[in-house]
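Engineer: Just the structure for this:
(chains A and B)
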Amino acid sequence: DAGITQSPRHKVTETGTPVTLRCHQTENHRYMYWYRQDPGHGLRLIHYSYGVKDTDKGEVSDGYSVSRSKTEDFLLTLESATSSQTSVYFCAISDHSGEQYFGPGTRLTVT
Amino acid sequence: DAKTTQPNSMESNEEEPVHLPCNHSTISGTDYIHWYRQLPSQGPEYVIHGLTSNVNNRMASLAIAEDRKSSTLILHRATLRDAAVYYCILPNFGNEKLTFGTGTRLTIIP
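Structural biologist: Residues are numbered from 1 along each chain as shown, chains lettered A, B, ... in the order given. Coordinates of the predicted model:
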């Protein structure tokens, strides 16, 4: 299995609080991605990174920011969490082969 | 990004082959065809990918039509562990972005 972990695995937070999810890889892959998955939907891309300090928006980026200061870490921040951001969040990594490897997911509940 | 079309659901008997179809009529010459699957309560898992020729690996085979407008993922002998949602995806060239649709939910009947 690809060396990719996510933390925390579960989190419950209140509306309006900031939340940061961490994705950590040990594969030295260039690309990293954050997706969210809601019931009955496929995964939707939030943000992605194509190198240290190089990030770009995905299709559902509103309300989220990211940072990548090291190759191995990609952080997803919800500046002020809302109930609509209750979801399961997946991180993924890839190299130039095009295959993406996914982490185990973080279940976030915003009350 | 080129779009793909898959049936919402399929059923298959255990230990029989399964053919999962995907249409991608707007595919361009440089688009690879990727397949992922997502088992219950897990993140997606890479299955296979190809460009023009048929491809085989330990998990599955990928048959690509000559005009590349469709492809079929073949599981040679389905087991209960193959019950999952299968996604056919054409990654964005250059940044490898994946656009997941709703996929095909495969049910394996014991």
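
Engineer: What number of residues are in the vicinity of the spatially closest residue to B:Leu80 that is not a sequence neighbour?
Structural biologist: Take B:Leu80 and drop its neighbours on the chain: the residue closest to it by Cβ to Cβ, 6 or more residues apart in numbering or on different chains is B:Ile108, 5.2 Å away. (Glycine included, C-beta is placed from N, CA and C.) Residues lying near B:Ile108 (other Cβ atoms under 10 Å in any protein chain shown) number 20.

Engineer: Let me know whether B:Ile108 touches B:Ala78 as I believe.
Structural biologist: Yes. Between B:Ile108 and B:Ala78 there is a contact under Cβ atoms under 8 Å: 5.2 Å.

Engineer: what residues are up against the residue nearest to B:Leu80?
Structural biologist: Shown in contact with B:Ile108 (Cβ atoms under 8 Å, 6 or more residues apart in numbering or on different chains): B:Glu11, B:Ser12, B:Asn13, B:Glu14, B:Ala78, B:Thr79, B:Leu80, B:Asp82, B:Ala83.

Engineer: Repeat the analysis, applying 7 Å as the threshold.
Structural biologist: Taking Cβ atoms under 7 Å, 6 or more residues apart in numbering or on different chains, we find B:Ile108 in contact with B:Ser12, B:Glu14, B:Ala78, B:Thr79, B:Leu80, B:Asp82, B:Ala83.

Engineer: Also B:Pro44?
Structural biologist: A:Leu43, A:Phe102, B:Tyr36, B:Arg37, B:Gln38, B:Tyr87.

Engineer: could you point out where chain B is predicted with low confidence?
Structural biologist: For chain B, applying pLDDT under 70 flags the ranges B:1-2, B:93-96.

Engineer: So which residues on it come close to chain A?
Structural biologist: B:32, B:34, B:43-44, B:46, B:49, B:87, B:91, B:95-98, B:100-103 (Cβ under 7 Å from any Cβ of the partner chain).

Engineer: out of those residues, what pair is the most spread apart?
Structural biologist: Greatest spacing in the residues of chain B next to chain A, by Cβ to Cβ: B:Asn95 and B:Thr102 (22.8 Å).
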